[in-house]
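Asks: Here is my input, please return the structure:
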Amino acid sequence: MPNQIPRPKSRMVPGLLLAAVPLALGVSSPGLAQEADQFAKVEIKAEPLAEGVAVLFGAGGNIGVSYGPDGTILIDDQFAPLTEKIRTAVQNLGAGPVDYLINTHWHHDHTGGNENLGKSDVLIMAHDHVRDRLITGNDNVPPAAPEALPVVTYHDGIKLHLNGDEVRVQHMKHAHTDGDSIVFWKKANVVHMGDLFFNKVTLPFIDLSSGGNARGVLAAAEKVLAMVDDDTRIIPGHGPIATKADLQAYRDMMNTVIAAVAKAQGEGKSLQQVQAMKPAAQWDINPDAFIKGDAFVEAVYKSLQRPVHAEDHPH
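Replies: Sure thing, here's the model as predicted:
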């Protein structure tokens with residue numbers, strides 16, 4: 001493990017599970033020593049969801065784990081300084097060492113452990129755009145090391161037949177980013193949605209700079225709702241394990257806010273005028289939320305100014 005914590009300076013938020021804060025929000029960074037201390041205090045907590053499937057909570061995006069005789073699969077990997085704690089949590093589940101890793105998207109709080117795992121010969125898989133964006137980086141995140149890059153990439157998705165289950169990985173276009181995937185365990189009836197779904201901790205983060213679009217987040221929620229039932233356990237990118245009803249409420253919120261912003265936009269209202277209307281107010285209730293109402297409304301407003309992709313609306 002590297003001695004220095006790799007850090008996109010504006011992405012570390014003390015005390016929050018969410019750790020991918022865009023520079024535009026103006027969040028200042030604590031010192032390196034403080035960050036190191038925070039990682040030292042992080043506990044990785046496991047919650048079994050089905051036979052051979054669990055979720056790990058820590059700092060950053062929630063981690064899915066699938067384990068059994070065919071190997072151990074991680075869905076996302078949080079931050080590099082947590083890799084050893086994550087490995088210990090996996091071992092405590094009774095699972096073997098990690099063999100495969102799927103990144104739901106490219107953000108650092110979901111891919112920060114890639115380099116450590118890649119150096120351990122873990123096979124990394126992700127959407128084509130995840131690899132592209134990790135190679136390029138941005139103003140806040142340096143280009144990833146070669147060992148951190150996905151080795152297997154896909155455009156629409158892939159299926160893995162492991163541990164007696166069919167694991168379906170499906171790309172959701174132009175949503176949280178342009179490289180989002182969901183991971184669905186057919187037999188276990190568990191789905192990991194990455195940051196396409198923030199459950200009860202914040203309003204959605206639409207990363208416009210990474211090709212995201214609010215319409216795509218709504219479309220993804222509709223597509224997943226068509227795949228699940230009342231018994232499905234849903235792993236959000238951040239927040240507690242969710243049900244179909246939770247995702248329906250999230251879908252309804254997205255639909256309501258998008259419709260309100262679109263109507264106001266059609267009436268010629270400016271962004272500031274739409275923000276003053278507070279169309280997301282009834283959901284903007286967490287004072288510690290990563291994304292507050294005005295930022296969410298801005299992302300929706302700007303999303304609606306972008307061309308409509310055929311894949312951005314529910315079918």
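
Asks: where do the helices sit along the chain?
Replies: Using DSSP state H, the helices of the chain run over 32-41, 83-92, 108-111, 114-118, 128-136, 214-225, 244-266, 271-277, 293-304.

Asks: dump the residue contacts of the residue nearest to Gly194 when sequence neighbours are not counted.
Replies: When the adjacent residues along the chain are set aside, Gly194 lies closest to Thr104, with 2.8 Å between them (CB to CB, 6 or more residues apart in numbering). All C-beta atoms are positioned from the backbone trio N, CA, C, and that covers glycine. Neighbour list for Thr104: 61, 75-76, 110, 126, 180-183, 192-196, 237 [criterion: CB atoms under 8 Å, 6 or more residues apart in numbering].

Asks: Same check on Ala276?
Replies: Taking CB under 8 Å, 6+ apart as the test, Ala276 contacts no residue whatsoever.

Asks: what is the orientation angle of the longest strand along the chain with helix 128-136?
Replies: Longest strand in the chain, counting residues (DSSP state E): strand 165-172. Relative orientation of strand 165-172 and helix 128-136, computed by axes from the mean of the first three to the mean of the last three CA atoms, to 10 degrees: 70 degrees.

Asks: sorry, back to before: quick one, grab the pLDDT at the residue nearest to Gly194.
Replies: At Thr104 the predicted local confidence, pLDDT, stands at 98.

Asks: Next one: it from Pro48, what distance?
Replies: In this structure, Thr104 and Pro48 are 20 Å apart, going by CB to CB, to the nearest Å.

Asks: where do the strands sit along the stretch 51-200 of the chain?
Replies: If DSSP state E, counting those that start in this stretch is used as the criterion, the strands of the stretch 51-200 of the chain fall at 53-57, 63-68, 71-75, 98-102, 123-127, 152-154, 157-162, 165-172, 180-185, 190-192.

Asks: Out of those, which is closest to Leu208?
Replies: Among these, strand 180-185 comes nearest to Leu208, with 13.7 Å by CB to CB.

Asks: which helices and strands does that closest one pack with?
Replies: Helices and strands in packing contact with strand 180-185 are listed as strand 123-127, strand 165-172, strand 190-192, helix 214-225; criterion 3 or more CB pairs under 8 Å, 6 or more residues apart in numbering; DSSP states H and E.

Asks: Among those, show me which one is buried the most.
Replies: Here the criterion is mean neighbour count by mean count of other CB atoms under 10 Å, and of those the winner is strand 190-192, at a mean of 27.
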